[in-house]
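Trainee: What follows is a predicted structure for the sequence shown.
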Amino acid sequence: MHKMILVAPALLAAMLVTGCGGERPADTTAVAEPAAPAPATDVAPAVAAPAVAYAMAVGAPVAGNCALDMVNGTHGPSVTAPVGSKALVGGWAASADNQVPANALFVLANGADSHAVPLVAGAHRPDVAAALGSEALAQAGYNLDIDLAAVPAGSYDLVIVLDQATSAYCDLGTRLVLE
């Protein structure tokens, strides 16, 4: 019992130091990837849009840079949502030439059963501009409120199509599972 009392303050102190920017031990087993910019602190209102059927080109090339900060307030390699619900997504996107993409699409990719909404950028992201060395990306953020009513149950890879002619896309590294 007394050992637990002594351990709890030590754990609390360790969490506070880590949460306040304290250094974490280096991972000696893998090469560290560059950190993605942190989510925007001043969040722009979400743009509401229904997901509509979309056909991605077969063998579409990977292009540009992008990140997904959250889906319905969470982030991870897989996020689950109820069929017929809405998905609030936020992140940022950049074309291969480090510009805010024009006419981009946020796509729920599942082969022939893919769905898309227009990606409306414009949220303030100075972190992205600094990280990629392009002031043009200061408004590269997006916040979308996607109506999933027309999207059937299934598993969808989340991507941003930067060029609709070729379906060149940036993989957001997250799968949305609708149950």
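Mentor: On my side now, so go ahead. Bear in mind that the values here come from a model prediction, so they are computed numbers and not experimental data. Numbers count the residues shown, from 1 in each chain.

Trainee: Please count neighbours and contacts with C-alpha atoms only from this point.
Mentor: Noted.

Trainee: which residue is nearest the middle of the chain?
Mentor: The residue lying closest to the centre of the chain (Cα atoms, centre = their mean) is Leu68, at 0.6 Å.

Trainee: Tell me the spacing between that residue and Ala57.
Mentor: For Leu68, the distance to Ala57 (Cα to Cα, to the nearest Å) stands at 22 Å.

Trainee: Equivalent analysis for Pro82, please.
Mentor: Distance from Pro82 to Ala57, by Cα to Cα: 28 Å.

Trainee: Check Asn98 too.
Mentor: Counting by Cα to Cα, the gap from Asn98 to Ala57 is 23 Å.

Trainee: who has more neighbours, the two?
Mentor: Asn98 (18 against 14; other Cα atoms under 10 Å).

Trainee: Quickly run through the sheet partners of the one helix or strand Leu108 maps to, with directions.
Mentor: Element membership for Leu108, per DSSP states H and E: strand 105-109. According to DSSP bridges, strand 105-109 forms sheet pairs with strand 114-118 (antiparallel), strand 154-163 (antiparallel).
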